[in-house]
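[1] Got a predicted model here, sequence first, then my questions.
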There are 2 protein chains.
Amino acid sequence: MGRLNINNINPHVRAAEYAVRGELAVKSEELRAQLSKGDAGLPFDHVISANIGNPQQLDQKPITFFRQVLSLLENPQLLDKEDVLINGLGYKTDVIERAKFLLKHCGSVGAYSASSGVYAIKESIAKFLERRDGFPADPSKIYLSAGASSGVNTLLHILAESPKSGVLVPIPQYPLYTATLSVLNATCVPYYLDEHKAWGTDLEAIRSSHEKAKSEGVDVRCIVIINPGNPTGASLSEADVRAVIDFASQEQLVIMADEVYQTNVFIGQFHSFKGVLRKMQQENPGKYDDVELASLHSVSKGMVGECGHRGGYFELVGFDAEVEAAIYKFVSIMLCAPVIGQCLVELMVNPPRPGDPSFELYDKEYNGIANGLRERANALHKAFAQMEGVECGEPQGSMYLFPTITLPQRAKDAAAAEGRKPDEFYCMRLLEATGVCVVPGSGFGQKEGTLHFRTTFLAPGTEWVSRITKFHQEFMDKYR
Amino acid sequence: MGRLNINNINPHVRAAEYAVRGELAVKSEELRAQLSKGDAGLPFDHVISANIGNPQQLDQKPITFFRQVLSLLENPQLLDKEDVLINGLGYKTDVIERAKFLLKHCGSVGAYSASSGVYAIKESIAKFLERRDGFPADPSKIYLSAGASSGVNTLLHILAESPKSGVLVPIPQYPLYTATLSVLNATCVPYYLDEHKAWGTDLEAIRSSHEKAKSEGVDVRCIVIINPGNPTGASLSEADVRAVIDFASQEQLVIMADEVYQTNVFIGQFHSFKGVLRKMQQENPGKYDDVELASLHSVSKGMVGECGHRGGYFELVGFDAEVEAAIYKFVSIMLCAPVIGQCLVELMVNPPRPGDPSFELYDKEYNGIANGLRERANALHKAFAQMEGVECGEPQGSMYLFPTITLPQRAKDAAAAEGRKPDEFYCMRLLEATGVCVVPGSGFGQKEGTLHFRTTFLAPGTEWVSRITKFHQEFMDKYR
């Protein structure tokens, strides 16, 4: 017997749940391994990982400009052969210029950068934010991170003063939030999104969750907003964003705005918390000056889809200088975000512009990806509309659909007999029958008595969608 | 007034100390910025960052084979132009083959991998461990991480059951350990290394620290060993490694072996904990079967020096299956280690071999770096030997020297008047006078009444060494 067992490790790690890579994901990898060994006993010939927003695992090709620049950063010796690059490989001059610019400021992508990131990259991000929002941004308030996840981890670490420290988290939510709060032994204060209003924020629901938590002695200090939503896809109106900021200001809540899907918007437009806050500050001098906002972005989503590079950043607004110093110290302990990922952030926020040699191809690739995502979202939505007991709002944004499923009582009984929640049972049967891996709604949280699943719409083609509809019909027939 | 201030954030983050990127490092960056603006008022014309083992920030060039492969992983379209790669750019066929192998197994470096890393890369690591140690290794027990730091963070998270959970940490140590234990609110149980035995482990010191902690109610559950040492450079003998394993076995302590400097050894040879443990298990059937060992490695150090890529791994031996599952879940929350960094780990553990087209250049570059490090270490050591009140053992390994300094009482008084520790005072004056940034011994821990500083020997040339000796003489003259 060694020292460690499941009952004496960190109980907060033990308690954390992270369904996106949970039992179903593990099972899907086993099935994939079985298939690759030539196992012919399965009723499908490949596994579709619709459980995770991982575009390049499926169909999405990286954007050429980005990867050409990265190839030069990885091998700067190529810059000695400009002629071969241009005439032999078709690299454009803006690719070469950008690589030189980034190398000048990183030194080498193999060197640690400053703890909060390469300063010139933070300047590029600030310029992007200025263009996006129409208000100035300060590079020194920007922190590069290893994907947005690492930024969330940093910010929640700072916020978690004691087990009574509470963070308002939307339900359904991306389970990074609940899992990290669990590890930190802080309090998750759930507030429900309104499925009947296209999964928008419901200020009354937020207010009552907040009141209830306060009455229970919770020191609620932050509200998390995921916009566009994960898993819901909801894209908030400016009015919704304003209402949240106003509430946070009244109640002295730090706003954590997870905006990693900001370019994945199909209906309406994206309203950044930073931009709306600055407008409110301009309209109401003095009133919103003490709002604390951290907004996060990433190279993993959008049309970039570079999850594996673990690039991201967060911007702080209104934070106390000593708190910022503590954030800086905290990120220093892990040294720095991956430098090649930092460079990819720079490329994302500062892509080729009209007239630049690489613009035409960039624009074509970018729009091709955007259109592909929209088409697939609509095709999937249409399929769901025809499935018995399945209801799903129109695709609005992000990379997911999150339909409600109504299952027969006999299916619920069969799930209980297996010790599973009904939505887990449904998703497990779906995986076994079709090779399509989705995540049960219980992994994100859902209102008592409702059932959902989350699926990405990243997988190419429609064949896998018909696998789902066929399975669903058979499942309903069996348990009706 | 916003919600957060330094007195209501997470007190454990507030308490953490990380001197490697502390006040001196911040000051050195300010000086560098001053110089780049053309400030002529300073007594030096460039800053030398000898405070951090960041080889490529200084002189070290990346190894060509590694970077050629990475350039193809970043831009796989280049693989369609093999002729240009070979004839135009001088890429060898083994570069192209390796890139194809890695792409086959990653899909894209822009896709998330499995949470614990790309399986084929884990297989390569296992083969490397088998060659290194002469014993089998199991790929499924290997976890890719974002540098070794992230692996240490994971393992300490698992170990920290309560504030009474104790971890034996060598003093002096790399402050990642104390900082992370502070953030986790667990107990650091310091044990002193023996400066008079070339900073080796002193089993009596370990035993008495352990006993003392136990008598104070600490649940000591792990011992950290950094071999070769940081900041000390010590390279442990096989006998020392055996003694630690035997002690850990008797006391049921998990062994965390930080072996990131395993190729930076000048005197004697590196003895891995895994290899020695397997030998002891073979020699004493049954006796050491329940030893739990986690050993860590990284692409950041050695002759690779690719800190910015944040690549690393840890291997588990003897861990309970449910504990491993908790580790897997924990790393899943952050999704995966940077994939291009994972690929670099593969290249490090599986470099070109004699007869391979890229071998000759690889071998030349590798040995050039190794010899350069050795020469600089010796030059620095020689300089220290001539400095008044400075004592420093022969360079043994890692990238650091950690001399003792004996300062006059008047210097200590001047430090106290500034509210600084004497070694901090000395290092601050050194930085201001010479632009050379080192880290005071107090940042790593040192025996009461002793003073040290840590310097890397990565900076090229010897001019900066003479800046130090000149400063030292003047400092001693002033305060004698």
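    On my side now, so go ahead.

[2] Around chain B, which positions in the stretch 101-250 of chain A sit nearby?
    Listed as neighbours of chain B in the stretch 101-250 of chain A under the rule CB under 8 Å from any CB of the partner chain: A:106-115, A:146-147, A:149-150, A:153, A:157-161, A:176, A:179-180, A:183-184, A:221-222. All C-beta atoms are positioned from the backbone trio N, CA, C, and that covers glycine.

[3] now do 7 Å
    A:107-115, A:146-147, A:149-150, A:157-158, A:160-161, A:176, A:179-180, A:221 (CB under 7 Å from any CB of the partner chain).

[4] near chain B, anything from the lengthiest helix in chain A?
    Secondary structure of chain A per DSSP state H: the longest helix is helix A:359-385. No. Residues of helix A:359-385 contacting chain B under CB under 7 Å from any CB: none, with a closest distance of 11.5 Å.

[5] which other helices and strands contact that helix?
    helix A:64-74, strand A:400-401, helix A:463-479 (3 or more CB pairs under 7 Å, 6 or more residues apart in numbering or on different chains; DSSP states H and E).

[6] I'd like the mean pLDDT over that helix, please.
    The pLDDT scores in helix A:359-385 average 94.

[7] how about that helix: buried residues?
    A:359, A:361-362, A:365-366, A:369-370, A:372-373, A:376-377, A:380-381, A:383-384 (16 or more other CB atoms under 10 Å in any protein chain shown).

[8] What's the local residue count around A:Arg242?
    18 (other CB atoms under 10 Å in any protein chain shown).

[9] isn't it right up against A:Val276?
    Yes. If you go by CB atoms under 7 Å, A:Arg242 and A:Val276 touch, sitting 5.9 Å apart.

[10] Spell out which parts of the stretch 301-450 of chain A neighbour chain B.
    Near chain B, when you scan the stretch 301-450 of chain A using CB under 7 Å from any CB, you find A:305-310, A:318-320, A:322-323, A:326, A:329-330, A:332-335, A:338-341.

[11] Kindly report the domain assignment for chain A.
    A:11-59+A:365-479, A:112-349 (the TED database).

[12] Packed most tightly, which of those domains would that be?
    Most buried of the domains of chain A by mean neighbour count (mean count of other CB atoms under 10 Å in any protein chain shown) is domain A:112-349; its value is a mean of 21.

[13] What's the mean pLDDT across that one?
    For domain A:112-349, the mean confidence score works out to 95.

[14] what's the straight distance from one end of it to the other?
    This stretch, domain A:112-349, spans 22 Å end to end (CA to CA, to the nearest Å).

[15] what's the answer for stretch A:438-453, then?
    Note: stretch A:438-453 ends 7 Å apart using CA to CA.

[16] Give me the contact list for that stretch.
    For stretch A:438-453, contacts defined as CB atoms under 7 Å, 6 or more residues apart in numbering or on different chains pick out A:19-20, A:22, A:24, A:50-51, A:171-173, A:175, A:190, A:192, A:231, A:402-405, A:407, A:421-424, A:427, A:430, A:454-455.

[17] Among those residues, which ones are in helices?
    A:Leu24, A:Pro422, A:Asp423, A:Glu424, A:Cys427, A:Leu430.

[18] Most widely separated two among these?
    The span of the ones in helices among the contacts of stretch A:438-453, defined through CB to CB, is set by A:Leu24 and A:Pro422 at 14.2 Å.

[19] Need the domains of chain A in a markdown table (columns: distance to B:Glu259).
    Shown next, in a markdown table, are the domains of chain A (distance: least, CB to CB, whole Å):
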| stretch | distance to B:Glu259 |
| --- | --- |
| domain A:11-59+A:365-479 | 24 |
| domain A:112-349 | 18 |
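
[20] for those domains, which one sits closest to B:Thr462?
    Nearest of the domains of chain A (CB to CB): domain A:112-349, 24.4 Å.

[21] Closest one of the ones in helices among the contacts of stretch A:438-453 to B:Glu82?
    For the ones in helices among the contacts of stretch A:438-453, the nearest to B:Glu82 is A:Leu24 (40.6 Å; CB to CB).

[22] can you give me the helices in the stretch 1-150 of chain A?
    Secondary structure of the stretch 1-150 of chain A (DSSP state H, counting those that start in this stretch): helices at A:11-15, A:23-36, A:64-74, A:82-83, A:93-106, A:119-133, A:147-159.

[23] Name the nearest residue to A:Ser28, sequence neighbours excluded.
    Counting by CB to CB, 6 or more residues apart in numbering or on different chains, the nearest residue to A:Ser28 once its immediate chain neighbours are dropped is A:Cys437, at 3.9 Å.

[24] hang on, the one you found packs against A:Val26?
    No. A:Cys437 lies out of contact with A:Val26 (CB under 7 Å); the separation is 10.0 Å.

[25] so where do the strands sit in chain A?
    All strands of chain A, identified by DSSP state E, fall at A:48-49, A:142-145, A:165-171, A:187-192, A:219-226, A:254-258, A:293-298, A:312-317, A:390-391, A:400-401, A:404-405, A:436-437, A:439-440, A:453-456.

[26] Looking at those, spot the one closest to B:Ala120.
    Here strand A:48-49 is closest among the strands of chain A (CB to CB), at 17.8 Å.

[27] Could you name the helices and strands sitting against the closest one?
    Going by 3+ CB pairs under 7 Å, 6+ apart, strand A:48-49 lies up against strand A:436-437.

[28] How far away from the center of its chain is the strand it packs on?
    Computed by CA atoms, centre = their mean, to the nearest Å, the chain-centroid distance of strand A:436-437 equals 19 Å.

[29] Just give me the neighbour total for A:Pro352.
    22.

[30] on that earlier part again, same list, the helices and strands packed on helix A:359-385, but as JSON lines with distance to B:Arg14 please.
    Output for these, formatted as JSON lines (distance: least, CB to CB, whole Å):
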{"stretch": "helix A:64-74", "distance to B:Arg14": "37"}
{"stretch": "strand A:400-401", "distance to B:Arg14": "38"}
{"stretch": "helix A:463-479", "distance to B:Arg14": "50"}
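
[31] So what touches stretch A:66-78?
    So stretch A:66-78 is contacted by A:79, A:85, A:91, A:95-96, A:98-99, A:102-103, A:109, A:340, A:343-344, A:347, B:67-68, B:70-71, B:74-75, B:78, B:89 (CB under 7 Å, 6+ apart).

[32] cool, stretch A:315-333 as well?
    When contacts are defined by CB under 7 Å, 6+ apart, stretch A:315-333 is touched by residues A:115-116, A:129, A:137, A:141-143, A:154, A:157-158, A:274, A:277, A:290-295, B:2, B:4-6, B:9, B:13-14, B:16, B:18, B:21, B:176, B:179-180.

[33] Between the two ends of stretch A:184-193, what distance do you get?
    24 Å.

[34] Tell me which residues are up against it.
    In contact with stretch A:184-193 (CB under 7 Å, 6+ apart) are residues A:12, A:156-157, A:160, A:163-172, A:178, A:181, A:199-202, A:205-206, A:209-210, A:213, A:218, A:220, A:232, A:234, A:445, A:447.

[35] What of stretch A:123-131?
    A:Pro136, A:Ala137, A:Asp138, A:Pro139, A:Ile142, A:Lys274, A:Tyr313, A:Glu315, A:Val345, A:Glu346, A:Val349, A:Asn350.

[36] Off-centre distance for it?
    That offset, for stretch A:123-131, works out to 21 Å (CA atoms, centre = their mean).
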